[in-house]
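1. Next comes the sequence, and after it the predicted model I'd like to discuss.
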Amino acid sequence: MIALVKSQPQDNGEPVFDAPWQARSFAMAVKLHAAGLFTWQEWSDRLARAIAERESQDEVRDSNDYYTLWQETLEQLVRERVAP
C-alpha cells in the first residue's frame, strides 16, 4: 500500500479528490511508481519539499493548490527520468 503524503486531502485515511483531473494525477503517480520510474519515498520527499516551499509563501490553500503541486512535481520527475 502506498502511504499518502502528510498534507494530502483525505477522509478517513483515503485520498479525496475535488475534480477528476486530481484523481488522474494521483493515479499517474502511482502507475509510474509501480513501473519503477521512482521510489515512493523519493516521490514523497520531492513533493513534501515543493509543498513546504509553497506553504511558506501561503500558496497552498485547498485541494486544487495541493494537486497542482502534485502534478508539477510529477511532471518534473518524469522530465528528469525520461528526457533525452
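-> Yep, that arrived.
2. Distance-wise, check the most centrally placed residue in the chain relative to residue 25.
-> When C-alpha atoms, centre = their mean is applied to the chain, the residue found nearest the centroid is residue 70 (3.1 Å). From residue 70 across to residue 25, the span is 5 Å (C-beta to C-beta, to the nearest Å). Heads up, the C-betas are built off the backbone N, CA and C, glycines and all.
3. List the residues that contact the residue nearest to the centre of the chain.
-> Counting by C-beta atoms under 8 Å, 6 or more residues apart in numbering, residue 70 touches 22, 25, 26, 29, 47.
4. Kindly report the same for residue 65.
-> For residue 65, the contacting residues are 54, 59, by C-beta under 8 Å, 6+ apart.
5. For the helix or strand hosting it, buried residues please.
-> Using DSSP states H and E, residue 65 sits within helix 63-82. Along helix 63-82, these residues count as buried under the neighbour rule (16 or more other C-beta atoms under 10 Å): 63, 66, 67, 68, 69, 70, 71, 73, 74, 77.
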